[in-house]
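**Student:** pasted the sequence and its predicted model underneath.
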Amino acid sequence: MVDHTPRRATRRSFLAGTGAVAAGVTLLPKFGWAAEEKKLNFYNWDTYIGETTLDDFKKASGVEVTMDLFADNDELFAKLKEGNPGYDVIVPTNDYTERMIAANMLVPLDHAKIPNIKNIGKAFLNPAFDPGRKYSLPYMWGTVGIGYRKSRVDGVPDSWKWLYDSSKYAGKIALLGAPGTVLQVGCKYMGWPLNEKDPAKLEKVAELLIKQKPHIKVFAEDNGQDLLLSGEVDLTMEWNGDILQVMAEDPDISYVVPKEGGLLWEDTLAIPTGAPHPENAHAFINFLLGAETGAAIADFIQYATPNAAAKALMKPEYTGNPAIFPPDDVIERCETAIYQGPEYTQLVDRLWTRIGAA
């Protein structure tokens, strides 16, 4: 089993790689490396890789990984929209994976070069956004909810009203800086589907946010958990794993999915069109899907793994944590975002610009 001692690296500390092998090295298939230089360029979310994963891969393969970080899917998409600047593996969320497939921004995966597909749980093998997993494989999954400081709020913030429609915690609230997610969750609060695309209803969510904006400290760029930990905010809209990382440091912090429900997401591993090292990319994805590697990553970053073989190595403190693996009634209240086409994307961009200018 994997050591479950709580720990968390400082943000942006993974760029240089660290240390020796923590939980064993997954053996890699020997294909194609002679034709490629021993390099790989990885574009990933912050604090979203194991403590020694990149060094472990280099020990197993000889391939040096350079990792750049993005704050949200919009940044990822914009970076690659005009042409791949040199990335080999990226980590888009499910609706952006679908969007990038539609835009011919991803290349089909050669499953024969990724034998560790066998480790993936059956529930993740045929998603609607990528049938048959032709272009992507699952990395982590989870929810978006509210992280909060128990000693500073009056009870459990079990409604999105606390963030979207109340002045009670003015100046101590953070929302994500992800336009689509903020508007989608606003739809859930209003009692509409997460994937509501009626412009009139989305306008009402924007108006609600504009009204609430004086009480919001910041639309955080993937660092709401740090603001919560430092005491700069008492309530933050965040990805569950980010809050779990700071919960390990501070027992006064907790996490809840509000009664209206939230966003159920899946981040994927994909190879962008024009990747300079596609063979290394397949080998790296295969490595990440190894049982020991996957368990070490999940243990360190505290997100739910879709890797059944990795999950089997984990302790009950991880597998039985409802903030990581939500109970069925929570999942039933949540929805998965879908890509709704360029007109919807343009509408979201226009509304976000209005919110930002207000």
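**Tutor:** Here it is on my side, so go on.
**Student:** what about the nearest residue to Ile117 once chain neighbours are set aside, how many neighbours?
**Tutor:** Counting by C-beta to C-beta, 6 or more residues apart in numbering, Ile117 lies nearest to His111, which is 5.9 Å off, once chain neighbours are set aside. Yep, even glycine has a C-beta here, placed from its N, CA and C like the rest. Other residues near His111 come to 13 when the count uses other C-beta atoms under 10 Å.
**Student:** same question for Ala60.
**Tutor:** Look at Ala60: counted by other C-beta under 10 Å, it has 17 neighbours.
**Student:** pLDDT score assigned to it?
**Tutor:** pLDDT recorded at Ala60 is 97.
**Student:** so the protein: which segments form each domain?
**Tutor:** Using automatic domain parsing, the domain parsing of the chain gives 33-141+265-319, 142-264+326-357.
**Student:** ok, Pro276 touching Val89?
**Tutor:** No: applying C-beta atoms under 8 Å, one finds Pro276 not in contact with Val89, separated by 11.4 Å.
**Student:** give me phi/psi at the residue positioned nearest the centre of the chain?
**Tutor:** Residue closest to the mean C-alpha point of the chain, counted by C-alpha atoms, centre = their mean, is Asp267 at 5.2 Å. Backbone torsions for Asp267, taken as degrees, to the nearest 10, come to phi -90, psi 140.
**Student:** can you tell me the closest non-neighbouring residue to it?
**Tutor:** Using C-beta to C-beta, 6+ apart, the closest residue to Asp267 is Tyr139 (4.7 Å).
**Student:** Gln340 - how many residues pack around it?
**Tutor:** For Gln340, the neighbour count with other C-beta under 10 Å is 17.
**Student:** so who does the closest residue to Arg152 other than its chain neighbours touch?
**Tutor:** In this structure, Arg152 finds its nearest non-sequential neighbour in Asp234, 4.2 Å apart by C-beta to C-beta, 6+ apart. Asp234 sits next to Tyr148, Arg149, Arg152, Val153, Tyr169, Lys172, Ile173, Leu228 when contact means C-beta atoms under 8 Å, 6 or more residues apart in numbering.
**Student:** how far away is Asp234 from Arg133?
**Tutor:** As for Asp234, its distance to Arg133 is 40 Å (criterion: C-beta to C-beta, to the nearest Å).
**Student:** also Glu75?
**Tutor:** From Glu75 to Arg133 the distance is 25 Å (C-beta to C-beta).
**Student:** tell me what Leu120 is bridged to.
**Tutor:** For residue 120 the amino acid is Ile, not Leu. Beta-bridge pairing for Ile120 (DSSP bridges): Asn307.
**Student:** that one touches Ser136, doesn't it?
**Tutor:** No: the criterion here is C-beta under 8 Å, and Ile120 misses it with Ser136 at 11.4 Å.
**Student:** which one of the two has more residues nearby?
**Tutor:** Neighbours per residue, other C-beta under 10 Å: of Ile120 and Ser136, the larger number sits with Ser136, 26 against 21.
**Student:** and that one, what are its bridge partners?
**Tutor:** Under the criterion used (DSSP bridges), Ser136 bridges to Ala270.
**Student:** residues contacting it?
**Tutor:** Applying C-beta under 8 Å, 6+ apart, one finds that Ser136 lies in contact with Pro92, Thr97, Leu106, Leu109, Asp130, Thr268, Leu269, Ala270.
**Student:** are any of the residues you listed buried, and which?
**Tutor:** Among these, the ones that count as buried by 16 or more other C-beta atoms under 10 Å are Pro92, Thr97, Leu106, Leu109, Asp130, Thr268, Leu269, Ala270.
**Student:** buried ones in whichever strand or helix holds Ala78, by neighbour count?
**Tutor:** Assigned by DSSP states H and E, Ala78 belongs to helix 73-81. By neighbour count with 16+ other C-beta under 10 Å, helix 73-81 contains the buried residues Asn73, Asp74, Glu75, Leu76, Phe77, Lys79, Leu80.
**Student:** pLDDT at the fourth one, what is it?
**Tutor:** The predicted local confidence for Leu76 comes out at a pLDDT of 97.
**Student:** and it, how far is that from Pro115?
**Tutor:** Relative to Pro115, Leu76 is positioned 27 Å away (C-beta to C-beta).
**Student:** do Leu313 as well
**Tutor:** Distance, Leu313 to Pro115, using C-beta to C-beta: 18 Å.
**Student:** quick one, helices of the stretch 201-350 of the chain?
**Tutor:** With DSSP state H, counting those that start in this stretch as the criterion, the stretch 201-350 of the chain has helices at 224-230, 240-247, 278-288, 291-301, 308-311, 316-319, 328-333, 342-357.
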